[in-house]
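J.: Just need the structure, nothing else, for what follows:
(2 chains)
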There are 2 protein chains.
Amino acid sequence: MTYCVGLKLKAGLVLLSDTRTNAGLDNISRYRKMFIFETTGERVIALMAAGNLSVTQGVVNQLQSDIDRSAEEDGVETVLNCKSIYRAAQLVGQAMRDVQTRDRASIEASGAGADASIIVAGERLGGEPRLFLVYTAGNFIEAGEDTPYLQVGEHKYGKPILDRVIRPETTLEEAIKAVLVSMDSTLRSNLSVGMPLDLCVIRAGRFHADTLRIESDHPEFRQISDSWANTLRVGFHSLPKITI
Amino acid sequence: MTYCVGLKLKAGLVLLSDTRTNAGLDNISRYRKMFIFETTGERVIALMAAGNLSVTQGVVNQLQSDIDRSAEEDGVETVLNCKSIYRAAQLVGQAMRDVQTRDRASIEASGAGADASIIVAGERLGGEPRLFLVYTAGNFIEAGEDTPYLQVGEHKYGKPILDRVIRPETTLEEAIKAVLVSMDSTLRSNLSVGMPLDLCVIRAGRFHADTLRIESDHPEFRQISDSWANTLRVGFHSLPKITI
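T.: As a prediction, this is how the structure comes out:
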C-alpha cells in the first residue's frame, strides 16, 4: 500500500508521500510516488500515486512522453501547456483510462488488481493553487474549502489529526507539521507504509515545487515524531477518568 | 459500519462499542452491539458484533436460545456451561457458521453482504480473562501479550492511540480512557460510527460485567473528548518545525 496526502491552503499546496511498495508481503521495495512537472515561473504540477505500480508508472510515463514530444512537435497538449490545472487533471484522467484500457484485463487475468488513484496538485500563472484526486476510472474530484485535503492509500490512520487542525487558513509551517504527524501515525500502525518520505511545498504565486526527501534518521522528523509521542503520552495520562 | 474495541489486560477486560447501524446512507439507526451473558460469581461472557446486523443478531439469538433451552433440557452445551472461554468462542463460531449456512446465499442474492465478525471476551472461575475475534467463517484468533487488543468494524482511525498506550500492564482506569479516546477519533472521522456508546469492564476474578451506556451529553465523556482535543491542539502547535 501507500499513504499520500495533499493539502490545499490559501498559502499554497503541501504534499507528502511515503515510498513503500509491496507485491505481497514478501516483496517489499522502495519507489518514489511523487512526481513533479515544472515550467519555472509559469507552472508547477505535482502528482502522488497509489495503487498498482505498473499502472501509475504507465500514467506518469505517458504524461512525460507527451511533454518530451511537445518539444519537437506542435500541437501536443501536455500537463505543462494545457490551459488550466483542471485540464491537467483531465489529461491525467485520460492517461489513466488509456493505461487501464491497455493493461487492466491482463492484470486482472493474472489475479492482481489494477486499481490506482493519483493526486494532482498544481498552480499556473494567472490561476490559483488547485488539488484533485483522479480515480481508476479517470474521473476526479477537487478539494474545496470545507475539506481542504485529499488522501490516497492507507488514509484512515492519519485522518483524525487532519480533521482537527487543517483549515484553508492554516500556515504552511503548521501544515507541514500536520502532514508529518498524519504520516507518523500511519507509519506506526501500518506496515505497508514506510520511510523515507517525500515532502513537497508549492508556495502560492511561486510556480515552483520545493521538495525534501526525509530519511528515517532525519533529525527534525525524529524530533516531531518523538515530541508528538510525548504530547500524546502526557496528555493521555492527564485526561479525566470515567468511573464505572 | 461500526467500531468495537476490546482490551485484554492483566487487570481484566475493557470493551467499548458504538450503536450506529446503517443499511445504506439514508437508513441509519441505533442498535446495541454489545451483549452480556453472565452466571454471577462463576462466568461472564461479553460479545461485540460488527457486520451484517441480521447475521449477528441471528448468532446472539442462537446463543441465547441454547441458554434458555439448557434450563429445561440436560446436555445442552452453551457459552455459560461449556468448559472454557476458548470453547465459548468455538460455540460463537459454530453459531456464525450455522447462520451463514442458512442465510448467506439469500443475502448475497439480494445484493447485500453477509460478512460479520464478533469479539468474544470473558472469564470463568478457574480460568483467566480471554479475548477472541470470531470471523465470518467461524474461525477465530485470540489477543496475546504482544497485541493485547482486538477491534472490529472501522478500526483504523482509532488504532494509533491503542498502539501507543496499551500494554498488558495498563490499568483499567487508563484503559477506559484509551478506548474512549480511540472511539472519539473514530467518531470525528467516520459518520458510520455514532453515539451512544456501550462500555463494559470485566475486572479479573470478579466474573461480572460492569456496564455503562454513554450518551452524547455524558459529562465525563465530553470532558475526555474536549480535553483530548485540547491536548492535541496545544501539543501540535508546540511541535518543532521543519524548514523546506
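J.: how about A:Asn22, what does it touch?
T.: A:Met1, A:Ile28, A:Ser29, A:Ser192 (CB atoms under 8 Å, 6 or more residues apart in numbering or on different chains). In short, each C-beta sits where N, CA and C put it, glycine included.
J.: what's the farthest-apart pair in those?
T.: Using CB to CB, the contacts of A:Asn22 span at most 13.1 Å, a distance reached by A:Met1 and A:Ser29.
J.: Now, of the contacts of A:Asn22, which are buried?
T.: Using 16 or more other CB atoms under 10 Å in any protein chain shown as the burial test, the contacts of A:Asn22 include A:Met1, A:Ser192 as buried.
J.: Dump the contacts of A:Asn22 to a markdown table, plus secondary structure and pLDDT.
T.: A markdown table is the format used below for these (DSSP: H, G, I helix; E, B strand; the rest coil; pLDDT from 0 to 100):
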| residue | secondary structure | pLDDT |
| --- | --- | --- |
| A:Met1 | coil | 78 |
| A:Ile28 | strand | 77 |
| A:Ser29 | strand | 84 |
| A:Ser192 | coil | 82 |
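J.: one step back: can you pull the residues that touch both of A:Met1 and A:Ser29?
T.: Shared contacts of A:Met1 and A:Ser29, counting by CB under 8 Å, 6+ apart, come down to A:Arg20, A:Asn22.
J.: where's A:Lys83 relative to chain B, distance?
T.: 30 Å (CB to the nearest CB, to the nearest Å).
J.: typo on my end, A:Gln223
T.: For A:Gln223 relative to chain B (CB to the nearest CB), the value is 5 Å.
J.: Report the spatially closest residue to that residue, excluding sequence-adjacent ones.
T.: Closest residue in space to A:Gln223, ignoring its immediate chain neighbours: B:Pro240 at 4.7 Å, by CB to CB, 6 or more residues apart in numbering or on different chains.
J.: who are the neighbours in contact with that neighbour?
T.: A:Glu220, A:Gln223, A:Ile224, A:Ser227 are the contacts of B:Pro240 under CB under 8 Å, 6+ apart.
J.: go with 10 Å
T.: A:Lys177, A:Pro219, A:Glu220, A:Phe221, A:Arg222, A:Gln223, A:Ile224, A:Asp226, A:Ser227 (CB atoms under 10 Å, 6 or more residues apart in numbering or on different chains).
J.: ok, of those, which come out buried?
T.: For these, buried by 16+ other CB under 10 Å: A:Lys177, A:Glu220, A:Phe221, A:Ile224, A:Ser227.
J.: Can you tell me which of the residues you listed is nearest A:Thr56?
T.: A:Phe221 (25.0 Å).
J.: The closest one: what secondary structure?
T.: helix (DSSP: H, G, I helix; E, B strand; the rest coil).
J.: Next one, pLDDT for it please.
T.: pLDDT for A:Phe221: 94.
J.: With adjacent residues omitted, what lies nearest to it?
T.: A:Ile214 is the one closest to A:Phe221 (CB to CB, 6+ apart), at 5.0 Å.
J.: what bridges to that neighbour?
T.: A:Leu197 (DSSP bridges).
J.: which residues does it contact?
T.: A:16, A:18-19, A:180, A:183, A:195-199, A:220-222, A:224, B:242, B:244.
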